[in-house]
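Student: predicted coordinates and the sequence they were generated for:
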Amino acid sequence: MFLGHYAAGVALKAADRRLSLGALFLSVQLMDVIWGALVLAGVEHVRIEPGFTASNPLDLYHYPWSHGLVSAIALALLCALAWGLARGLGVVRGPALLIGVAVFSHWPADWVVHTPDLPLWGDQHKVGLGLWNHLGFALGLEIGLFVVATALYFRVTRPLAASGRWAVPAIGVLMLGAQLSQLGGPPPSPRAVAGAALGGLLLLAALGHWADRKRG
């Protein structure tokens, strides 16, 4: 899932306007940011297999640290604690809790679309419902989630500038374009995938921060 991850971030911003959309965009994709760094470091691994699923050619056969269920829970708790301490908040209340929810939301969203490659712990007991093999349904679900989340966000915020009316939908279109680009042919190498993911996710977090400042 890609656009669907960001839908969770937009919905959580609607739930608590104190949170930055940029911080939420980074949080919902933190597992993939870590994955990109670990693939570049040679700690985790991915194969390029054209036709592996209907949605993308990535065989994510080894990523126990970034995408294991136990790792996801630990990362969410750590981020909630760090956010709470940095902001003087309790880890189990308010924005700190929502940051933890944002971080963990990545795993169940991936579980819906991935083939059975998500490890529950270590590199064992892998699960995934495989919605990526049903391209039209998977895209429709992700687009629908983002539209609903954006509508919620627009209900609780107001534009502070003209760009506040279109910035978040435009970023959603950019995300969708990036997702569809995976259908255009296999990437040149696993390192290229990881590097592009790492750079792209950080860029989208920066764009989310910018867009959020256009609404209040």
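Tutor: Structure received.

Student: list the contacts for the residue nearest the centre of the chain?
Tutor: What sits nearest the mean C-alpha location of the chain, by Cα atoms, centre = their mean, is residue 29, with 3.3 Å. Contact partners of residue 29, counting by Cβ atoms under 8 Å, 6 or more residues apart in numbering, are 5-6, 106, 201, 204-205. Every C-beta, even on glycine, is put in place using the N, C-alpha and C of the backbone.

Student: give me the pLDDT value at it.
Tutor: Per-residue confidence (pLDDT) for residue 29: 98.

Student: let me see the mean pLDDT of stretch 180-195.
Tutor: For stretch 180-195, the per-residue pLDDT averages 90.

Student: returning to what we had before: next, give phi and psi for the residue nearest to the centre of the chain.
Tutor: When read as degrees, to the nearest 10, the backbone of residue 29 gives phi -110, psi 10.

Student: look up how far residue 102 lies from it.
Tutor: Separation of residue 29 from residue 102 (Cβ to Cβ, to the nearest Å): 9 Å.

Student: now list whatever residues contact both of those two.
Tutor: Common neighbours of residue 29 and residue 102 (Cβ under 8 Å, 6+ apart) do not exist.

Student: which residues in this structure form strands?
Tutor: Counting by DSSP state E, one finds strands in the chain at the ranges 45-48, 58-62, 118-121, 124-127.

Student: need those in CSV (columns: mean neighbour count).
Tutor: Output for the strands of the chain, formatted as CSV (neighbours: other Cβ atoms under 10 Å):
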stretch, mean neighbour count
strand 45-48, 16
strand 58-62, 18
strand 118-121, 17
strand 124-127, 13
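
Student: nearest to residue 143, out of those strands?
Tutor: With respect to residue 143, and counting by Cβ to Cβ, the nearest of the strands of the chain is strand 58-62 at 20.7 Å.

Student: helices and strands around that closest one, which ones?
Tutor: With contacts taken as 3 or more Cβ pairs under 8 Å, 6 or more residues apart in numbering; DSSP states H and E, strand 58-62 sits against strand 45-48.

Student: in the protein, which segments are predicted with low confidence?
Tutor: Where the chain drops to pLDDT under 70, the residues are 89-92.

Student: let me see the ranges of the helices in it.
Tutor: Ranges of helices in the chain, per DSSP state H, are 3-15, 21-28, 30-40, 64-67, 69-87, 94-113, 135-156, 167-180, 190-212.

Student: hey, which of the ones you listed is tucked in deepest?
Tutor: Of all the helices of the chain, helix 21-28 carries the top mean neighbour count, a mean of 27, counting by mean count of other Cβ atoms under 10 Å.

Student: measure the residue nearest to the centre of the chain to residue 160 for me?
Tutor: Look at residue 29 and residue 160: by Cβ to Cβ, they are 26 Å apart.
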